[in-house]
Each structure stands twice: as C-alpha cells, then as structure tokens.
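**Student:** Okay, predicted coordinates and the sequence, questions at the end:
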Amino acid sequence: MQERVLVTGANGFIASHITKLLLEHGFAVRGTVRNPLKADTIGFLKALPGASNLELVSANLNDEGAFSDYTADVDYVIHTASPFVIDVENVERDLVKPAVRGTVSALEATAKSSRVKRVVLTSSMAAITDAPDSRVLTEADWNEKSSVTRNPYYYSKTQAERAAWAFTKANRTGFDLVVINPFMVAGPSLSTGVSTSNQLFIDVANGQYPALMALNWGFVDVREVADAHVRAMKAPNAKGRYICSAGNMDMHQITNIMRSVGVRGKLPSFDMSGRIGTATMKLLSHFQPSGIGSYLRTHLGGIPRFDNSKIQRDLGIEFRDVEETIYDTVHDLIEWGHLST
Ligand code: NDP
C-alpha cells in the first residue's frame, strides 16, 4: 500500500525539496500551506513530477488544532513550517508563538493518530548554539543563551525543539521523534521565492554588507537536507538529533565565488575582517535593527565548529562540497533573475 506523508509548510524552500523527493520515491504527500488558493506561491508544487499524489491543505501555525484534521490517515509527519525571519516587530507573537505552538499542534495531532510511525522535525543548528563556539559542537549541545532580545529566531527554534522533546517525554506516543538540525541551507530553489538563507547572496550583491566582515557560516545543500529528512523518516536506526552541515565558508570566499561567476552589483571589497575591523563592525551593529544587530555582535569573528559524523554514519548522508553548493546557488539566483551578471 502506498504510504502517505504529511509535510507542513510544503511550499517552503526546504519543504518543497522534501515534497519533490517524497513524490519521486512514490509516497503520497499531504502538504499544508497557509493558503492553498494562492496560486503564485504554491503553483510550482502542482507542477512537480508525480504531483497527482500531492494534496494541498490549509494550516496556520497560530491556529489551535492546526493539523488535527490531517494525521488520521498518514504514516509519517515531517514538520518544517516555522517562521524564518531574523528581525521581527514582536518576538513572542511573530516568532516564538507560531514556532512552539505549531510544533506542539503537529505532535498533538499525531498523537491522536494510531497510524503515524514517526515525526521528523526540522529544527536548526540555532537550537544547538547561539553563536560560533570555540568547541566542536555535537548533538549533545543545546543553545542556552538566546532570548527574546538576543538572536530571537534562534530562541524560537530552541523553544520549539525543546517543546517537541518535552511532549514526547510527557505523553506515551505511538510514534518516535527524530530531529534534523541544519546549518545555513543554500542551493537551488524550486520556486521563484528567495529563502531567508539564500537572501544572503542577494544582500552581498546589493551592498547590504558595506565591507568584507569576519563572518563565517556552516552551510549545507538543500538537496542533502531534503534527503536527510526522508532518510530520517524511514531509517529504522534513526534516533535523536542530527547536525546537518557540510562545511564552512566565509564572506571572502563567498564574494570571490560571486565575482568569479560575474555577478554585478555592489560586492564588498573593503576589508573589515581583521581585529580592528571586527571591533568597529560590532560597535556599528548597534545602529542596525535589533535582530540583525544581535546577530552581528554574536557572530562576528567566530568560526562555527561542529561534528557532522552522526548523520553520515546513521543516515548515510554524503555531503557535497560547500563550494559546489554555493556555485549552484549563485547560478540558480541568476537564472531566477534575482542576481544579474
Ligand atoms: P521558508 O520560509 O521557505 O519556509 C517556511 C515555511 O513555514 C513556509 O511554508 C511558511 O509559509 C511556513 N510558515 C511560516 N509561518 C507560518 C504560519 N504562521 N502558519 C503556517 N505556515 C507558516 O524557510 P525554509 O524552508 O528555509 O525553512 C524551513 C524550516 O527549516 C524552518 O523550520 C526553519 O526554521 C528551518 N531551518 C532553515 C534553515 C535555512 O537556512 N533555510 C536552517 C535551519 C533550519 P508561507 O510561505 O505562507 O510563509
């Protein structure tokens, strides 16, 4: 019998790749979107190969029982929907509540179904750490520092993942929970929309970064993130959390790749990545919107270190080189008309 998967936020950057992969593997997919009538944001899903096995339904994370009608006849749930915004007006209302409430709703609905075997939750490296750490981070680490004023998006992801584990501990559920914790996700998009993570490349080209700063990110390709979710859903030995990140790249390297591809715009060239430059940028960060300011103060000068061996060992994920992902992302943004050459 064909197995069915509920994917929340199916039109999102990551979830649309998950949906595509599930359809390719022969699953039926029930995808939730905020508004199934909004053809401009969901039309591309209906054009995916195998979309005759895709059903789109409506759900808002802020609604009580958002997913309660959708779990009775599914075998797996992949919960990806969560607001991914760095700077918001009201942190509780715009970030924490939908992230936590949405996660708990997805688990409550699943607990009522006798059929669901496993829930895969898209958490984040943001639930593991608030900032680059001098230690090598593993799945045993938890972000203890973020708050409504310090890296609020990170706080929302940490609170949501904590709520998920607390739910499975407090309730005897017939399903198990597996969590994927990706770092910055880049790669080609299946739709014209630009994800918050791929927006980085547009911001670099648009002169949003006035200088080359000491910023270094862990990156993972969206195609591997999707693969990790599908493998985590099926693998009998999948358990606990999985750091999902291929390697690092800094702002110098990203800018060099963009230049080599011929991206036009205001690519930064003035170097502020040394010690004095970093101290100056930290001071200037106080003039930025608060979410961006706290991100800069906690990340400038740091190099993320992480152990990604568990996901390779348990789920057999083979990460492609970060350089290949960044090249593919830049070419894809050019093809969609978001970057010019
Ligand atoms: P997107 O913004 O592309 O996708 C987010 C999805 O969540 C969208 O479908 C969005 O719907 C939905 N959503 C947000 N708020 C609500 C709401 N109130 N009610 C219903 N749906 C809502 O982001 P990504 O694909 O990049 O992220 C997907 C998941 O992965 C998130 O949980 C994010 O935190 C996590 N993640 C992302 C990383 C990255 O670098 N991209 C890194 C680590 C984790 P709509 O389109 O209507 O806004």
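**Tutor:** Right, received. Where do you want to start? Numbers count the residues shown, from 1 in each chain.

**Student:** Helices of this structure, residue ranges please.
**Tutor:** Along the chain, the segments classed as helices by DSSP state H run 13-24, 39-46, 91, 97-111, 152-170, 199-206, 222-234, 251-261, 275-284, 290-299, 309-315, 322-335.

**Student:** thinking residue 316 is in contact with residue 231, fair?
**Tutor:** Yes: with the criterion set as C-beta atoms under 8 Å, residue 316 and residue 231 qualify as a contacting pair; they are 6.7 Å apart. The C-beta positions use only the backbone N, C-alpha and C, and glycine is treated the same way.

**Student:** Once you drop chain neighbours, what's closest to the residue of the chain found nearest the ligand?
**Tutor:** Per C-beta to the nearest ligand atom, the residue of the chain with the smallest distance to the ligand is residue 12, at 2.5 Å. Here the nearest residue to residue 12 in space, its sequence neighbours aside, is residue 80; by C-beta to C-beta, 6 or more residues apart in numbering that works out to 5.9 Å.

**Student:** One more: residue 87?
**Tutor:** Nearest-residue entry for residue 87: residue 291, 3.3 Å, with adjacent residues in sequence omitted and distances by C-beta to C-beta, 6+ apart.

**Student:** which bits of the protein sit near the ligand?
**Tutor:** Contacts of the chain with the ligand, taken as C-beta under 6 Å from any ligand atom, map to 9, 11-15, 34, 41, 59-62, 80-84, 98, 122, 124, 157, 182, 184-185, 195-197.

**Student:** now do 5 Å
**Tutor:** If contacts are counted using C-beta under 5 Å from any ligand atom, the residues of the chain sitting beside the ligand are 9, 11-14, 34, 60-61, 80-84, 98, 122, 124, 182, 184-185, 195, 197.

**Student:** Restricted to strands, list those.
**Tutor:** Counting by DSSP state E, the members of the residues of the chain next to the ligand that fall within strands are 122, 182, 184, 185.

**Student:** ok, back up a step: could I get the contacting residues of the residue nearest to residue 12?
**Tutor:** If a contact means C-beta atoms under 8 Å, 6 or more residues apart in numbering, then residue 80 has 7, 8, 9, 12, 14, 15, 18, 122, 229 as its contacts.

**Student:** What is the nearest of those residues to residue 49?
**Tutor:** For those, the closest approach to residue 49 (C-beta to C-beta) belongs to residue 18, at 14.6 Å.

**Student:** okay, the closest residue to residue 339 other than its chain neighbours: pLDDT?
**Tutor:** With C-beta to C-beta, 6+ apart as the measure, residue 333 is the residue that lies nearest to residue 339, at 4.4 Å, once sequence neighbours are left out. At residue 333 the predicted local distance difference test score is 98.

**Student:** ok, now which ones touch residue 333?
**Tutor:** 194, 198, 201, 202, 339.

**Student:** Do I have it right that the third one meets residue 254?
**Tutor:** Read that as residue 201. Yes: A contact is recorded between residue 201 and residue 254 when judged using C-beta under 8 Å, the distance being 7.1 Å.

**Student:** returning to that earlier point: pull out the buried members of the residues of the chain next to the ligand.
**Tutor:** By the neighbour-count criterion of 16 or more other C-beta atoms under 10 Å, the residues of the chain next to the ligand include these buried positions: 9, 11-14, 61, 80-84, 98, 122, 124, 182, 184-185, 195, 197.

**Student:** Flag the shaky bits of the stretch 51-200 of the chain, pLDDT-wise.
**Tutor:** Along the stretch 51-200 of the chain, no part satisfies pLDDT under 70.

**Student:** now the stretch 201-341 of the chain
**Tutor:** Low-confidence segments of the stretch 201-341 of the chain, defined by pLDDT under 70: none present.

**Student:** rerun at 80
**Tutor:** Low-confidence segments of the stretch 201-341 of the chain (pLDDT under 80): 290-291.

**Student:** Could you pull up the contacting residues of residue 71?
**Tutor:** Counted by C-beta under 8 Å, 6+ apart, residue 71 has contacts 6, 77, 109, 110, 112, 113, 115, 116.

**Student:** Buried among those? Make that a ChimeraX selection.
**Tutor:** Applied in ChimeraX, the following selects the buried portion of the contacts of residue 71 according to 16+ other C-beta under 10 Å:
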select :6,77,109,110,113,116
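
**Student:** thinking again about what came up before, please report how far the residue nearest to residue 87 lies from residue 132.
**Tutor:** Using C-beta to C-beta, to the nearest Å, we find residue 291 at a distance of 18 Å from residue 132.

**Student:** Tell me, how many residues neighbour residue 159?
**Tutor:** By other C-beta atoms under 10 Å, the residues close to residue 159 number 19.

**Student:** can you check residue 162 too?
**Tutor:** 16.

**Student:** before we move on, what about the one 10 residues further on?
**Tutor:** Residue 172 is flanked by 7 other residues according to other C-beta under 10 Å.
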